[in-house]
Structure formats: structure tokens, C-alpha cells
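A.B. asks: Quick one: sequence plus predicted model below, questions after.
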Amino acid sequence: MTDLAHIRNFSIVAHIDHGKSTLADRLIQLTGTVAERDMQEQMLDSMDIERERGITIKANTVRIEYPAQDGETYVLNLIDTPGHVDFAYEVARSMHAVEGSLLVVDATQGVEAQTLANVYTAIAADHEIVPVLNKVDLPAAEPDRVKEQIEDVIGIDSQDACLISAKTGVGIPDVLEAIVKRLPAPKEGDRNAPLKAMLVDSKYDQYLGVICIVRIIDGVLKKGDRIRMMKTGGIYDVDDVGVYRPAMTHVKELGPGEIGYLNASIKQVRDTRVGDTITHEKKPCEKALPGFKPSVPVVFCGLFPVDANDFEDMRDAIEKLALNDASFTFEMETSAALGFGFRCGFLGLLHLEVIRDRLEREYNIELITTAPSVIYHLFTKDGEQRDLHNPADMPDMSTVDHIEEPRIKATIMVPDEFLGDVLKLCQERRGIQMDLTYVGGRAMTVYDLPLNEVVFDFYDRLKSVSRGYASFDYEMIGYREDNLVKMSILVNDEPVDALAMMVHRDRAEMRGRAMCEKLKELIPRHMFKIPIQAAIGGKVIARETLSAMRKDVTAKCYGGDATRKKKLLEKQKAGKKKMRQFGKVEIPQEAFISALKMDG
Amino acid sequence: MAEDWQNGGFGLYIHWPWCQSKCPYCDFNSHVAAFIDQDRWAAAYVAEIERMAALTGPRVLNSVFFGGGTPSLMAPETVDAVLTAVRRAWPLANDLEVTLEANPGSVEAGRFRGYAQAGVNRVSMGIQALNNRDLRRLGRLHSVEEARAAFDIARAQFDRVSFDLIYARQDQTLHDWRSELTEALEMAVDHLSMYQLTIEPGTAFGDRFARGGLHGLPDEDISADMYDLTQDLCGEAGLLNYEVSNHARPGAESRHNLVYWRYGDYVGIGPGAHGRVTLDGVKHATEAERIPGKWLENLSIHGKSESWEVLDGTEQALEMLLMGMRLGEGIDPARFAALNGAPLNPNAIDRLTEMGMLKPGPRLIATQQGRVLLNAVLRELVVE
């Protein structure tokens, strides 16, 4: 146990790829926290997907012991927070557990939209902030310009920014000194007061059950303590307390100002609530911490197994994933087109992709993903209001008075040569410009956009029109009424429920035409011609015809060809699984997602 | 009880792997060599015939087919040695068909007389095109004039002469094909094979195609029109489309190829040759070593070069179906059901009949429209 004056708790704020994980690795390495031979890239990112995509999904923590130049040894607790906009809410929660932040900015790129969002969160959490310019060793680095940018855009003093290269290790000792000298120690904390600890995050370990990351405010937490979660009311016996170095290391106790883990045979992550206050059952603290609202899913889509026989395996897998992720929701869904599957809710598109990837990769289940959708507020003529998660559930328009859709405030930063294309994209997506300013060679624009125009491929399009230079961040700003309709897609005169979507009436013809054209390319020719139509209610608004196959026959087939032809037929028999039958028409699985992509 | 193979008869296929040069479209097992030891090849074929005959036991042989490669590069003595061994090995059908594939070059034509004397009674000539530009593009070494001369010699030597053409070539229009086909039908005796050019992976055309370098190939619609035109003009000339790419006057069909399409038994001898051989009621697929040198070496070291694989009833049924549906006569669904242990899906048959792909009736027969979409029809028939 360490006295408060020798503790520094901090997080790192950075845009993706600006070097947050590499810097964390260097800090761990330089302080000898991990033996050289155990060092691996991105120590803190434990899941494969996190490592591969260079993103952090769950909060991680590590304790570093640092002998400073003043001759004293300090305990530095780093909380590594998710960097992606989908997890912005998680970032905010984690930040309340620490007193300071390192703001890492790539000296060759400058401030990005995501940096801004996260740094404002840190400022809101009352953090001291130490700017760190990374990649100063690269020829394209412009530290002076970026320093100026930090002052102009964010408004914090950057004269004493640390100049580093996390890759080569240059400047890392300066960062360690800055943490000790410039970040504050935990403000208060009474080891004799009743236990008051904040539950920072919790994650599921298949051997240990749920592990909680905690920050102690007052009192002392020990193995054998009986604790109470003040919000959920759960009572548990503590089996173990410890810290991450970054391996789990048992300690005798955790005292005020310290960050560590506790393990108390909690069965699932859903039984815990991030931000909850942990206290002793016998001698509770008087007042709980304010706590946080649980995060709610904003993007929904259907996930269906390609092979209907995988449904039960898929249910098991989804339940296992949900053990560790309380923000992900699911319920069974039946589609006429796709059979049994699940309607799932996610914090954002990245979250969706991560879950889908994990199902496919870790559980080996091939999936069909239907068009992502948002929650609409439906107001019926008889004065009722209800939520619409799935366009397939849309009632007859004649019973609907009006529909509201969720809107976001999007902040986009882009080099000015791409600004025109970015503005055009935002306008096309029904955006309303709220602000446009210039910072150095970069433009920053703020748009009010409908979330449903963003959930599908907005980010991909933004990257493509800006050749990867634009950065993007958003926050929900509420619901607004608009002229929204359900567009159905009919293939060979049969509606395909999985392709139905909500669109703005003014954009319906354009989207419908694009969908029909795409589907015409994606559906292979059949023995008969196939009409592909988009319709609103009973009215067809776009139509394409896929002409019938004219020729598909092997010219030569003699004694030596029987084996090969037989194998081909057997393969096609298996390949048919990847197609879905709609009446007489087979639609390849990739069509469900590809058909929605808009090329421009 | 009769065995299933007897529905199709019994044939012998001899594969001669050598060519003077490789054609850019050809994916057959063919090789080019400077010197070929004809005696060694003859001895190897004879030994194989004797070995296979010992396995099959006596059964009436309906056909012998020399394919390749270019079998018209065989010395007449080599062909004679093979056919002499065949006559000792199996009892022969009275109407035994002995076909040899020939290149229509002048040198080959000089050997026709020797082949006829050895017992060949039918030749199938790879004329491929009736204009010199396309012959060169197809990598053929002969000219139209040489081909016509060789064809006349063949007609004088053999009772039955067929020839092959390749169409749907680069830059070929429907009009071009109509006039070339009209010329071909004037030449034809009683049998013609016409194949649409297929770009196969692993060939020179395949490589060029993959690199985007093969231009002017007709699209699906034009190829389909060309196919329809071919059926129409051949029909008017009395050559019926008894198989997807083969046309004959009734009775002049290739008996050897009918063994394949009717899913009979056939012994395959030579590098890369495939066979279907029923032994003690069990049907086997055989496949010989492809590389000519290795094939010879395996024979001299191990006494054999082919693999044997048992085909179960389902596999046999599938093969019988995909071969038989190519024929104008189609297949007997009861035969399929007997092999498969279960009949074809009646719903699929109804659906395909309704779409005009199958003819109504007791036999399963593809209509002309169904034949040109045969791969799709087969998928529909076999895939649940």
C-alpha cells in the first residue's frame, strides 16, 4: 500500500493510430514492469481483434513502479480506455477514476476529431493534461505547427509538451517525469473511513468468473471482505484482490487512491454495473458515488447463421459474448427470408463489427448480417408512441401519424483540399451544417445528421472521399420528425424482408434505384427472368430486370470428365448453402450487405 | 442379373499423349517430344491390355478409341500391335467400332491406309475451323486446303469419318459462323462434333484470359444464339443433335462416346486415362499417371500405374445422370433410382418441366432449351 502523495493515476487520450498503445508499451518496458522476454506489442490489448485492429474495447489497467529523479518511487496506474467513438461513454466513465491524462497527438498528423472528443471528456472530468507529441522522429513531423494547433483548437498550453517517439523510445523518460511532476496525486482518501470504491469496468474470465477493476476512494479492500454493490445490491465475498503488472498479481490490500482488481465469484458481467459503488456489507459508507447511466445500444441489425444448422451454436456463442459485454443486446428474430437468427443491438458500427467478427472467428459461425438500422419513434394516429427497431415490423403507413428519427452531431476534421467532397457527402446524407472553421490547413465542420444515414457506410465513404485523411466523431443529440417511409424490395414479385429499410421519402427513388441495380449485379442469372423492384407501400418506385440465363453447359464431356463434373456438382451442392432461397430465386448471402452500399 | 454397366456397353480407350505442338485452348493431357520410342509404347499398351483383360474377364467389346494427344502420330505398326492384342483379349462385337483421332495434315493422311489395314474403321478429324486466320489463332499447324485434302483421303479409306469444329471464337460473328457451318455441312458425311470454345485454366488461352488479354470472345447471348443456330442448321441437314455438341444421322452416332454417355464400362489405358470398370458387381473409377515418362516407368517397375477407387451407388447415379442428360435420349429415371437408392426429387422435375427445360414423359430428357442450360438443370435436379 502506497501513500497518496506517491500515487499517480492517469489515462491516455489519442486518436486511433496516433500511438497510444505503443506509448503504453514503452512505459511498461522502461520501468521494467515486464521482463524483456515477455514483452509483446500492445501489452494491454488482450483480445486478438483488439490487437489486430489497433483498438481497445474494454478498459485495461496496469500498475507501473517508477523511481523518479527526486529519489522517490512512485506508483503509476494507467487506465487504458477505448479510443473509438462507439465506446465514448465507456471512456467518460473510466476517466472519472483517474486524475490526469496524457494527450498523445501524432506530430505528423495533428489533432483529429476523435482526439477532440476524448480530450473534452478528460477536461470535463477535471483532468490535468500533459500534451505528448509522438512520432517526432519522422521527417513529416511538424511539432511546432501541431503545438500551435493544440493551443488553438483545444485551448491548452502546449509549450511544455513532451516530444517523443514511442517507436524508438526517444523522450519516454520525460513522459514519466511529467506524470510525476505535472499530474496531481489523488486528492483525498481516508484509509480509516468505511470502504468506498468505484467499479471502473468488469470483464469475464472463463476461469475466474467476473473480474472487476476498482478504484479505491476511501477505506481498504482485502481478500475475505464481504462487499456490497450499492446500486445492484449484490453481496459477494472477495476471493482475491490484486493489481495488473500487467499480469494479475495478488496484493494484500488495496488502499485509497489505488487501482486494482477484485474477484468475488460473480457469475456474469450483467450482474455488475459500471460506476457502481463498492462498500463493506457490515460497515457501509454513507453516500454512494453518483454513478453512471448504463450505455444503450443505438444500432441494430439482424444476424443469421448461413447454415441454419448453426443456430443453436450461434445462440451459445452470443450468450457467451454477452457474459462479457452488458452493452450488447439480443433477442431471437425470425425472418421469412433468412430463417432463425437474432436481432442485436450495438453501441455503434465498430461494436457491431467486433461482435460479428468474434462470432465468425472465435466461434466459427458464418453469418448473414442484415442492414443496420436505428430506433425510430413511431407515433400512431390513435396517439400511441412506440419504438421501431426493425423495418420489417413497420405497421401499415395509414395507421402512422408521424415518425421521429435519431440525429447526431458529427464533428469532421479534414484537410481543406477534400472539404468540398466531404460537405457534399454530408449534404447527400441529409446533413445540416452547424459550423465550419479552419485550423491551420485543416477544416473542422460540424453537422447535424440523421443517424440512419451514418450507420451503414458513412464512415467508409468519408474515408474514401478524403483518401483516409478525414476524421470523424459524433454524439447523439435527440430525435426529430422527418418524412420517413419503409421501402420494400421485391425479388421475383416476393418481398424480401431482410432487405426492407427505412428511408427518407425524398431519397427513396434514388436509394431504390441503386438497390435494384446492385441486386441485379449480385444475383446470378437464373433459368427465368427476374424482376427486381423497390416499392413504398404498394407503389413501385424503381425496377430492374435480371434477364434469364441463356447458356450454361459444358461443351466437352467424355470418359475422363465424369469425375471432375461429379466433384463440381457435389461442390455446388455444398455451395447452395451460401445462397438463400426466396420463392424460386437464390440470393447469395453477400447481397444482403453489398446491396446497401452506395458508391456515391 | 444384369449389371448396370450393360446399359451402356463396354469400350476401350487408348490415350496417346504426344502432339507436335500444344494448342492454346487444349487442356487435355498432351505433351511434345522430339523422339518417341514407338516400340516401347506399343509394348506397354499391349501389356496393359492383357492385364486389364485378365481383370475384367471375357466380355463383348463394343468399341476401341484412340484419343490424345494426336493419335495420328502413332506409327501404323503401333496401332496394329494394339488392335492385335485387343482381338486376343476380349470377344469383339460384330459391329466393333475402332476410332482414331487424326490431325488433318498431309503427313498424317499418308498413314491413313496403314491404320485402315490395322483395323481402324472410323476417324475423327480435328479440323477446328474452315478459315486460315482462325486456324492460326487456334494454334493449328494445318491450313484449310490441307484439311480438305486430308478429309478426302480419309473418306476414301474409312467407312465412317467425322470432324470437329470449334466455334464461338474470338471476333466471330453469328453471320461468320452461319456461312462456315453451311460449308461444313456440305462437307459432312454423317457425323459432326461442334464445340463452343471454352477457356480452360492452365492453358495458354486461360493465362491470357486471366491477364485480360483475350479479346473479342462472344458474350453469353451471342454464344447462345450461335448454339441455337448450330442446332437448327444441323437439324435441317438431317444431322440430329444426339448429344450437346455432337450431331449425326440416325445410326451414325459415335458408339464409343455413347458408352460414356450411357454410363457403361470402359477401360482407360495410357497416361492420364480414366476408366470405369465393374469387377464382381462393384464399379470402380481408375485414373492413370499423367506424365508419359512416369507412366512407362510405373508400368515397368510396378506393373501398373493407375489408382482404383470404388464408386458407391450415389456417386454412380450422379455420374450416370450428368453424362446421360447430355443425350437426346436422356436417361431412365428408374435406373437412377436403382443406383441411388432413392429417386430424383419429383418437385424439381415438375418445376423444370413446367419451365420447359425437360420433356414430359417417362424418360428424363432435356429440351433444347434445357440442354443449353444443362449445368443449371443438373444443379436443380441434384441439389436439395
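C.D. replies: Yes, it's here. If you're wondering where the values come from, they're calculated on a predicted model, not measured in any experiment.
A.B. asks: Sheet-wise, list the partners of the longest strand along chain B with their directions.
C.D. replies: Ranked by number of residues, the top strand in chain B under DSSP state E is strand B:92-102. On the basis of DSSP bridges, the sheet neighbours of strand B:92-102 come out as strand B:61-68 (parallel), strand B:122-128 (parallel).
A.B. asks: number of nearby residues for residue 235?
C.D. replies: If you meant another chain, say so; for now it's chain A. By other Cβ atoms under 10 Å in any protein chain shown, the residues close to A:Ile235 number 11. The way it works is simple: take the backbone N, C-alpha and C, and place the C-beta from them, glycine included.
A.B. asks: Wait, chain B was what I had in mind.
C.D. replies: Close neighbours of B:Gly235, defined as other Cβ under 10 Å, add up to 13.
A.B. asks: Which of the three states applies to it?
C.D. replies: Assigned with DSSP: H, G, I helix; E, B strand; the rest coil, B:Gly235 falls in the helix class.
A.B. asks: separation between the residue lying closest to it once chain neighbours are set aside and B:Asp232?
C.D. replies: In space, and not counting its chain neighbours, B:Gly235 is closest to B:Asn241: 7.1 Å by Cβ to Cβ, 6 or more residues apart in numbering or on different chains. In this view, B:Asn241 and B:Asp232 are 10 Å apart by Cβ to Cβ, to the nearest Å.
A.B. asks: so where is the chain shaky, pLDDT-wise?
C.D. replies: No chain was given, so I picked chain A. Along chain A, the model assigns pLDDT under 70 to residues A:1, A:34-59, A:82-86, A:88, A:294, A:440-441, A:575-579, A:596-600.
A.B. asks: was after chain B, sorry
C.D. replies: By pLDDT under 70, the low-scoring segments of chain B are B:1, B:384.
A.B. asks: redo that, cut-off 80
C.D. replies: Residue ranges of chain B with pLDDT under 80: B:1, B:107, B:383-384.
A.B. asks: give me every residue that touches residue 125.
C.D. replies: Defaulting to chain A. Going by Cβ atoms under 8 Å, 6 or more residues apart in numbering or on different chains, A:Ala125 touches A:92, A:95-96.
A.B. asks: Not quite, go with chain B.
C.D. replies: B:101-104, B:147, B:150-151, B:154, B:161-164.
A.B. asks: so B:Tyr195 touches B:Leu165, yeah?
C.D. replies: Yes - using Cβ atoms under 8 Å, B:Tyr195 is in contact with B:Leu165, at 7.4 Å.
A.B. asks: Among the two, which residue is more densely surrounded?
C.D. replies: Each of B:Tyr195 and B:Leu165 has its neighbours counted (other Cβ under 10 Å); B:Leu165 has more, 22 against 18.
A.B. asks: Quickly find the element holding that one.
C.D. replies: Using DSSP states H and E, B:Leu165 falls within strand B:160-167.
A.B. asks: Format the CA atom coordinates belonging to that strand as CSV.
C.D. replies: This file holds the C-alpha atoms of strand B:160-167, laid out as CSV (Å, rounded to 0.1, in the frame of the first residue of the first chain):
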residue,chain,number,x,y,z
ARG,B,160,-17.0,-43.5,-91.3
VAL,B,161,-15.4,-40.1,-91.0
SER,B,162,-16.3,-37.3,-88.6
PHE,B,163,-14.7,-34.0,-87.9
ASP,B,164,-14.6,-31.4,-85.1
LEU,B,165,-15.1,-27.7,-85.3
ILE,B,166,-14.5,-25.1,-82.6
TYR,B,167,-16.8,-22.1,-82.7
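A.B. asks: That strand pairs with which strands, parallel or anti?
C.D. replies: Its sheet considered, strand B:160-167 pairs with strand B:122-128 (parallel), strand B:191-196 (parallel) by DSSP bridges.
A.B. asks: out of the ones you listed, deepest packed?
C.D. replies: Highest mean neighbour count of the strands paired with strand B:160-167: strand B:122-128, a mean of 24 (counted as mean count of other Cβ atoms under 10 Å in any protein chain shown).
A.B. asks: hmm, back to that, by neighbour count, which of the contacts of A:Ala125 wins?
C.D. replies: Most surrounded of the contacts of A:Ala125: other Cβ under 10 Å gives A:Met95, at 26 neighbours.
A.B. asks: So what does the nearest residue to that residue once chain neighbours are set aside look like in phi/psi?
C.D. replies: Distances taken as Cβ to Cβ, 6+ apart place A:Ala125 nearest to A:Met95, at 4.1 Å, with adjacent residues excluded. As for A:Ala125, its main-chain torsions (degrees, to the nearest 10) stand at phi -90, psi 10.
A.B. asks: thinking again about what came up before, from the neighbour counts alone, determine which of B:Asn241 and B:Asp232 ranks first.
C.D. replies: For the pair B:Asn241 and B:Asp232, the greater number of neighbours falls to B:Asn241 (21 against 14), based on other Cβ under 10 Å.
A.B. asks: my read: the more buried one touches B:Leu233, true?
C.D. replies: No - B:Asn241 is beyond contact range of B:Leu233, at 10.7 Å (criterion: Cβ under 8 Å).
A.B. asks: In space, what's closest to the closest residue to chain A within the stretch 1-150 of chain B - neighbours in sequence excluded?
C.D. replies: Closest approach between the stretch 1-150 of chain B and chain A, counting by Cβ to the nearest Cβ: B:Tyr13, at 5.8 Å. Nearest residue to B:Tyr13, sequence neighbours excluded (Cβ to Cβ, 6+ apart): B:Gly268, at 4.7 Å.
A.B. asks: number of nearby residues for B:Trp217?
C.D. replies: Careful, residue B:217 is Leu and not Trp. Each residue near B:Leu217 was counted by other Cβ under 10 Å, and the total is 16.
A.B. asks: Which residue comes closest to it once chain neighbours are left out?
C.D. replies: According to Cβ to Cβ, 6+ apart, the nearest residue to B:Leu217 is B:Gln170 (5.8 Å).
A.B. asks: Same check on B:Leu318?
C.D. replies: Nearest residue to B:Leu318, sequence neighbours excluded (Cβ to Cβ, 6+ apart): A:Lys566, at 5.2 Å.
A.B. asks: Tell me how far the residue of the stretch 1-150 of chain B closest to chain A lies from B:Ser307.
C.D. replies: Counting by Cβ to Cβ, the gap from B:Tyr13 to B:Ser307 is 16 Å.
A.B. asks: out of these two, which sits in the busier spot?
C.D. replies: B:Tyr13 (24 against 11).
A.B. asks: Show the contacting residues for the more buried one.
C.D. replies: B:Tyr13 neighbours (Cβ under 8 Å, 6+ apart): A:559, B:65, B:67, B:256, B:266-270, B:273-275.
A.B. asks: So what pairs up with it in the strands?
C.D. replies: B:Phe65, B:Gly268.
A.B. asks: where does the stretch 251-384 of chain B come near chain A, residue by residue?
C.D. replies: Contact residues, the stretch 251-384 of chain B versus chain A (Cβ under 8 Å from any Cβ of the partner chain): B:257, B:259-260, B:266, B:268, B:272-276, B:285, B:287, B:315, B:318-319, B:322-323, B:326, B:351, B:355, B:357, B:371-380, B:382-384.
A.B. asks: show me where the stretch 201-350 of chain B has helices.
C.D. replies: In the stretch 201-350 of chain B, the helices defined using DSSP state H, counting those that start in this stretch lie at B:204-210, B:220-236, B:255-261, B:292-302, B:313-324, B:333-340, B:346-354.
A.B. asks: okay, the angle between the fifth one and helix B:333-340?
C.D. replies: Right, the one you point to is helix B:313-324. Relative orientation of helix B:313-324 versus helix B:333-340 (axes from the mean of the first three to the mean of the last three Cα atoms, to 10 degrees): 150 degrees.
A.B. asks: about what we covered before: how many neighbouring residues does the residue nearest to B:Tyr13 have?
C.D. replies: 26.
A.B. asks: what about the longest helix in chain B?
C.D. replies: Across chain B, the longest stretch assigned as helix under DSSP state H is helix B:38-56.
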